[in-house]
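[1] 3D model of this:
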Amino acid sequence: MPAGRAKFAAILLSLSLVCAVPPLLARKKDKNTGNPPSASDQRRAVHALNRLTFGPRPGDVQQVMAIGVDKWIDQQLHPEKINNGALDARLEPLLTTRMSTKDLAENFPDGQEINQVMNGKKSMPSDAALRMIYDVQIARQQERKDRQQQAAKNTAPAVADRRANAAGNGSTMAANAAGGAAAENMNTTMTSAAADNGEAAPPAAKLTPAEEEARRREEQLYADLDFQGQIQQLPSLPAEQRFKKILSMSPEAQFALADSLRGGKGQEVLEGLSSKQKEILLAMNNPAGVITGELTQAKLLRAIYSERQLEEVMTDFWFNHFNVFMDKGIDRLFLTSYERDVIRPHALGRFEDLLVATAKSPAMLFYLDNWLSVGPNSAQALGIPAHPGPYGYRPRPNPPKHPSGLNENYGRELLELHTLSVNGGYSQRDVTEVAKVFTGWTIDKPYQGGGFKFDPRMHEPGPKFVLGRKIKPKGEGEGLELLHRLATSPQTAHFISFKLAERFVSDDPPPALVDRMTKTFLKKRGDIREVLTVLFRSPEFWDDGTYRAKVKTPLEFVASAVRASGAEVDDAVPLTRQLNNMGMPLYGAQPPTGYSMKAETWVSSSALLNRMNFALALASGKIRGVQLDVTPLAGSNLPNPAADSTLTLSALETSLLAGDVSKQTHDSITAQFDAAVTNGTQQRQDNKAAPRKPPNSQRSSEVSTIAGLLLGSPEFQRR
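    Numbering: from 1, shown residues only. As a prediction, the model looks like this:
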């Protein structure tokens, strides 16, 4: 199909999706009788795969049917029993995903760490490779300061001119009064200069220290044996020798190399290097970017390739529930551990354990500013010293001012978003009291990757009253007591059950199902696995009205398209950029609410057209870092081109959507190919000399286009 026709078909299908979704969402479910689901085994397998995973892969439906749907669900509920070695091999190069926060802070320094080294407050690392990162970052910061100083210097003459003009005639008169000898000296100077050069020579300007340093660095660059030539020769060196050569370069040459690696132009330099060596070179440009880049890649790879699919779905669910924004300062350091050590291990465990783990996580403490929260009557706020001084333990006469006081961010989100819900029956006074309970819950040396610490000097003394109940003074124990109360509250049980049903059943989950899940939550002390078991065994989950009724989020759509097509992902970075284009950057939800799971957020003509364009690009192999040949999905024994496009379409409908394609979608794609055949015949008649594509190439293009249109179809947009 010609590119123009494919684009036109994409627009038609996208518009049909916009029209198709609202009626579907408004459709009433059939009244459930409580009888066992009447759908076929294949339909049940497809439904289970669509809801418990990021979408079926080729062969998954048959595999689940062979195991038995109920048995397969039970396996997914116990991920520790599932071998995930293939995924581990894919994650192996992403070294930062296995590093401690402390090691991340040391190996990928932020601006504050660099400034401490520059100011002599911290020593330079002894490791040569790590020192190279610091050297380049120091050079970059110095360059930035030089530019700022130069910009300030350039503005000085303009300021001086304005001041001179403001002086008015008085300055002119003073200059005239200085006539005589000054004028004679000026004439003498000009005459002498004219004799030599015909014009006056400018006076020599004295360089500032910053300018001296800039000139020294520039001279060093040119003295560095033509470092640009060295950089150009690097790709021709064996990988190990290449890295040693880079380590031996001067800091100035390494700085130039770091700039040359920007914008994807340095792939030849990185080719063949170990994962650690690549990280080091990339960190010379953007240390924090290495951490966040590998974290986003790992999330996509897990969604696509993990055999423990329900665990990944639930990890994504809970991260969104306890959302933390990646681009808030040093949370870039904390997010890796937050997802790995806080969210994933508790994704199918007890809710209270997960709640406590998030409350103590440096990522959450930093994101919602609780690490800075100080009780108004605490020792720190009153200026009472930690150790006795001239005034004993009494407050100082003039206590130092502290930049922070009581912060209610975490207290509010804990009640509204994490536990009770916005309708949970609490007041503003409760929010303030909760904030007092969690004063002193802070971070030990946050910029060095430290962990949770309770600081009694920051903690508000005295009893607190939350939701009509008294919490006695006991330091850190006050927070643990409150978290227990909230985790075991009926309001919390209902809210969490509702959100789980919203994720797995529908945007408007049946109240009867939510009530049963709530009872199980309370009876089983918040055991998430038990609550999900009730959900997956419920008639509401298997109701015909839920089949392909949930619109996919961008993450679910991209991951499911890659899984369904059987694509091989060599580099996940381009896929993460696709998610940015679709409005769902990973770890990029700025508000504490996280991303919405409802269709209304993601259904619009522009958003869905972006999805269609991605689907077409994926199927045609135009996504960098993703290898895909869709022709096997169409069957290898189908006859050749145009006339059999209907057979190709039918085969792909079965492969990609288990045959779940509406007549509207099927007819729309068929019509586009009929038009394409007619258009192609007319073009050949108009220009008989026009080159014709080889049959295999023509069929491959046809299959790719059909696959792309199906992946962007209304049916594939829903799970």
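[2] show me where pLDDT drops low in the protein?
    1-39, 156-206, 209-211, 213-228, 263-265, 387-404, 636-644, 674-699 (pLDDT under 70).
[3] Give me the buried positions along the helix or strand hosting K145.
    Using DSSP states H and E, K145 sits within helix 128-167. For helix 128-167, the neighbour count (16 or more other CB atoms under 10 Å) marks 129-130, 132-140, 142, 146 as buried. No exception for glycine: its C-beta is placed from N, CA and C like everyone else's.
[4] what residue lies at the spatial centre of this protein?
    L586 (2.7 Å; CA atoms, centre = their mean).
[5] That one: what secondary structure?
    Following DSSP: H, G, I helix; E, B strand; the rest coil, we place L586 in the coil state.
[6] who touches the closest residue to P376 other than its chain neighbours in this structure?
    In this structure, P376 finds its nearest non-sequential neighbour in L406, 5.8 Å apart by CB to CB, 6 or more residues apart in numbering. For L406, the contact set (CB atoms under 8 Å, 6 or more residues apart in numbering) comprises S373, V374, G375, P376, T432, A435, K436, T439, E460.
[7] same question, A512
    Counting by CB under 8 Å, 6+ apart, A512 touches E540.
[8] tell me which element it is part of?
    Counting by DSSP H and E, the element that carries A512 is helix 511-523.
[9] how is this protein carved up into domains?
    Listed by automatic domain parsing, the domain ranges of the chain are 3-30+551-711, 95-153+211-305, 311-387+403-487, 492-542.
[10] Can you tell me which of the ones you listed is nearest to R44?
    domain 492-542 (7.0 Å; CB to CB).
[11] Please tell me how far S506 sits from G55.
    Separation of S506 from G55 (CB to CB, to the nearest Å): 18 Å.
[12] no no, K328
    K328 is 31 Å from G55, by CB to CB.
[13] of the two, who's got more company?
    G55 (22 against 16; other CB atoms under 10 Å).
[14] so who does E279 touch?
    L95, T96, V290.
[15] most neighbours, which of the residues you listed?
    In terms of neighbours by other CB under 10 Å, those top out with V290 at 25 neighbours.
[16] in what helix or strand does that residue lie?
    Here V290 is assigned to helix 287-305, by DSSP H and E.
[17] Quick check: next helix or strand after that helix?
    Criterion used, DSSP H and E; the element after helix 287-305 is helix 309-321.
[18] what's in contact with that following helix?
    52-54, 76-77, 79, 299, 302-303, 306, 338-339, 343-344, 346-348, 354, 417-418, 499-500, 503, 528, 555, 589, 594-595, 597.
[19] mind listing the strands for the stretch 501-650 of the chain?
    Under the criterion DSSP state E, counting those that start in this stretch, the stretch 501-650 of the chain carries strands at the ranges 568-569, 626-627.
[20] In terms of secondary structure, what does the last one contact?
    This points to strand 626-627. On a contact count with 3 or more CB pairs under 8 Å, 6 or more residues apart in numbering; DSSP states H and E, strand 626-627 meets strand 568-569.
[21] helices or strands up against the strand it packs on?
    By 3+ CB pairs under 8 Å, 6+ apart, strand 568-569 packs against helix 287-305, strand 626-627.
[22] try 7 Å
    Strand 568-569 makes packing contacts with no helix or strand when contacts are defined by 3 or more CB pairs under 7 Å, 6 or more residues apart in numbering; DSSP states H and E.
[23] Which residues are in contact with F108?
    A283, P287, A288, V290, I291 (CB atoms under 7 Å, 6 or more residues apart in numbering).
[24] got a list of what the third one touches?
    With contact set as CB under 7 Å, 6+ apart, A288 has these partners: F108, D110, R332.
[25] run the last query once more with 8 Å
    By CB under 8 Å, 6+ apart, the neighbours of A288 are F108, D110, R332, L333.
[26] and if you look at the second one?
    Counting by CB under 8 Å, 6+ apart, P287 makes contact with N107, F108, P109, D110, I133, Q137.
[27] between these, which is closest to V422?
    Taking the contacts of P287 together and measuring to V422 by CB to CB, the closest member is D110, at 35.4 Å.
[28] which residues in the stretch 351-500 of the chain form helices?
    351-360, 362-367, 379-382, 409-413, 428-437, 476-487, 490-504 (DSSP state H, counting those that start in this stretch).
[29] From A152, how far out is K145?
    With CB to CB as the criterion, K145 and A152 are 11 Å apart.
[30] for Q578, same thing?
    42 Å.
[31] which two in the contacts of L406 are spaced the farthest apart?
    Checking those with CB to CB, the most distant pair is V374 and T432, at 13.9 Å.
[32] residues touching E556, list them.
    Per CB under 8 Å, 6+ apart, neighbours of E556: F54, G55, R719.
[33] how about 7 Å then?
    Contacts of E556 were listed using CB under 7 Å, 6+ apart, and they are F54, R719.
[34] about what we covered before: I'd like the contacts of A288 laid out as a markdown table, including distance to D543 and secondary structure.
    Shown next, in a markdown table, are the contacts of A288 (distance: CB to CB, whole Å; DSSP: H, G, I helix; E, B strand; the rest coil):
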| residue | distance to D543 | secondary structure |
| --- | --- | --- |
| F108 | 49 | coil |
| D110 | 51 | coil |
| R332 | 43 | helix |
| L333 | 45 | helix |
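[35] Identify, from those residues, the entry nearest to E240.
    F108 (23.1 Å).
[36] Can you pull the phi/psi pair for that closest one?
    Note on F108: backbone dihedrals following degrees, to the nearest 10 are phi -130, psi 70.
[37] Can you tell me how far the closest residue to it other than its chain neighbours is from P93?
    Distances taken as CB to CB, 6+ apart put P287 closest to F108, at 3.7 Å, once the chain neighbours are dropped. Note on P287: its distance to P93, by CB to CB, is 18 Å.
[38] ditto for E460
    47 Å.
[39] okay, those two: which has more neighbours?
    E460 (22 against 14).
[40] Around the closest residue to the more buried one other than its chain neighbours, how many other residues sit close by?
    Leaving aside its chain neighbours, E460 sits nearest to G375 (2.6 Å; criterion: CB to CB, 6+ apart). By the measure other CB under 10 Å, the count of residues near G375 is 23.
[41] Would you agree G375 is in contact with P456?
    No. Under the criterion of CB atoms under 7 Å, G375 makes no contact with P456, lying 10.1 Å away.
[42] residue contacts, P235?
    With CB under 7 Å, 6+ apart, P235 has these contacts: E268, V269, E271.
[43] possible to save those as a markdown table with neighbour count, distance to K474 and secondary structure?
    Output for the contacts of P235, formatted as a markdown table (neighbours: other CB atoms under 10 Å; distance: CB to CB, whole Å; DSSP: H, G, I helix; E, B strand; the rest coil):
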| residue | neighbour count | distance to K474 | secondary structure |
| --- | --- | --- | --- |
| E268 | 12 | 61 | helix |
| V269 | 22 | 58 | helix |
| E271 | 11 | 59 | coil |
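[44] And those, which is closest to Y447?
    The nearest member of the contacts of P235 to Y447, counting by CB to CB, is V269 at 30.9 Å.
[45] Check the contact between that closest one and L234; I expect there is one.
    Yes. Applying CB under 7 Å as the test, V269 and L234 come out as touching, 5.2 Å apart.
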